[in-house]
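Participant: I would like the atomic coordinates for the input below:
(one chain, ligands or ions: 1)
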Amino acid sequence: VRVIAIDGPAGSGKSTVGAAVADQTGLEVLDTGAMYRAVTLAALRSGTDLLDGTALGKLAASLRLSVGPRVLLDGEDVTHQIRSPEVGAAVSVVAAHAPVREVLVEQQRAWVEEHGGGVVEGRDIGTVVFPDAELKVYLTASPQARTHRRAGELGATGAEQLGAVAEGIAERDRLDSGRAVSPLQVAEDAHVIDSTALDLDEVVKEVLALL
Ligand code: C5P
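Facilitator: Model (predicted):
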């Protein structure tokens, strides 16, 4: 099956680029970050200890997740809740646990089987989940550019709010890159695209040219 892997840090434009590439290729898109966020939301709601990997793995396995344009958690639409600051602050801690990753990676592979391929975006898609992907893109941009993009998505304005967005991104970068299991890193055979000075249309063109 056909898989296009798009990895990169927070705010690098993965969702926008992924959606456009899916549109152009006729593939569906899977946002794996939304899966980690949904498990994190469930953990916060149930008061599960965020340091207990075994408990979090069990929780993840017990959930019914559906990730499309809307994100459903046991049938409830949590599309907006998973973007809350509380979930953003906790998700990298939850995602660092191997038992959680095992459950979600299996679901990601099953999703691709069912959908006959896909554009899959995340942190470890080209390195761990689909090492044989047809195309691997590692999208990056300067911390400033990523902060501005993420702030735009969140509607954050003013020095204080921008500072908070920048800090949140820096903290997630640190945790996602530094973890022992499936850290954020550039796959050996990935094409690195730095979008700092590009608009997202130009990035999409570059990805389609690579394809
Ligand atoms: O993509 P997004 O920024 O929504 O991802 C939220 C978090 O989920 C990331 O910061 C990371 O901790 C985790 N994640 C992951 N592996 C993936 C996708 C996301 O660990 N494949």
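Participant: chain center to the helix or strand containing Q107, what's the gap?
Facilitator: Here Q107 sits within helix 98-115, counting by DSSP states H and E. Here helix 98-115 is found 13 Å from its chain centre; the criterion is CA atoms, centre = their mean, to the nearest Å.
Participant: what's the lowest-mean-pLDDT helix or strand in the chain packed up against?
Facilitator: Least confident helix or strand of the chain, by mean pLDDT, DSSP states H and E, is helix 143-154 with a mean of 91. If you count contacts as 3 or more CB pairs under 8 Å, 6 or more residues apart in numbering; DSSP states H and E, helix 143-154 packs onto helix 158-178. Heads up, the C-betas are built off the backbone N, CA and C, glycines and all.
Participant: what angle do the helix it packs on and helix 143-154 make?
Facilitator: Inter-element angle recorded for helix 158-178 and helix 143-154: 110 degrees (by axes from the mean of the first three to the mean of the last three CA atoms, to 10 degrees).
Participant: Convert whatever helix or strand comes next after helix 158-178 to CSV, retaining C-alpha atoms only.
Facilitator: Remark: after helix 158-178, the chain's next helix or strand is strand 191-194, criterion DSSP H and E. Extracted in CSV, the C-alpha atoms of strand 191-194 (Å, rounded to 0.1, in the frame of the first residue of the first chain):
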residue,chain,number,x,y,z
HIS,A,191,13.5,14.6,2.3
VAL,A,192,14.0,17.6,4.7
ILE,A,193,11.9,20.6,3.7
ASP,A,194,12.5,23.8,5.7
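Participant: centre of the chain versus strand 191-194, how much separation?
Facilitator: That offset, for strand 191-194, works out to 17 Å (CA atoms, centre = their mean).
Participant: List of residues touching that strand?
Facilitator: Strand 191-194 is contacted by residues L135, K136, V137, Y138, L139, T140, A141, V186, V203, E206, V207, L210 when judged by CB atoms under 8 Å, 6 or more residues apart in numbering.
Participant: So which residue is dead centre in the protein?
Facilitator: G33 (3.0 Å; CA atoms, centre = their mean).
Participant: which phi and psi does the nearest residue to that one once chain neighbours are set aside have?
Facilitator: In space, and not counting its chain neighbours, G33 is closest to G122: 5.9 Å by CB to CB, 6 or more residues apart in numbering. Per-residue torsions, G122: phi 180, psi -140 (degrees, to the nearest 10).
Participant: Get me the contact residues on this structure for the ligand.
Facilitator: Applying CB under 6 Å from any ligand atom, one finds that the chain approaches the ligand through 10, 32-33, 36-37, 91-92, 95, 122-125, 172, 176.
Participant: ok, now which ones touch V67?
Facilitator: L30, D31, T32, A34, M35, A38, W111.
Participant: Make CSV from the residues you listed and add distance to G158 and neighbour count to it.
Facilitator: Shown next, in CSV, are those (distance: CB to CB, whole Å; neighbours: other CB atoms under 10 Å):
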residue, distance to G158, neighbour count
L30, 34, 25
D31, 28, 21
T32, 31, 23
A34, 27, 22
M35, 32, 26
A38, 30, 27
W111, 39, 19
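Participant: now stretch 191-207, how far from the centre of its chain.
Facilitator: Chain-centre distance of stretch 191-207: 18 Å, with CA atoms, centre = their mean.
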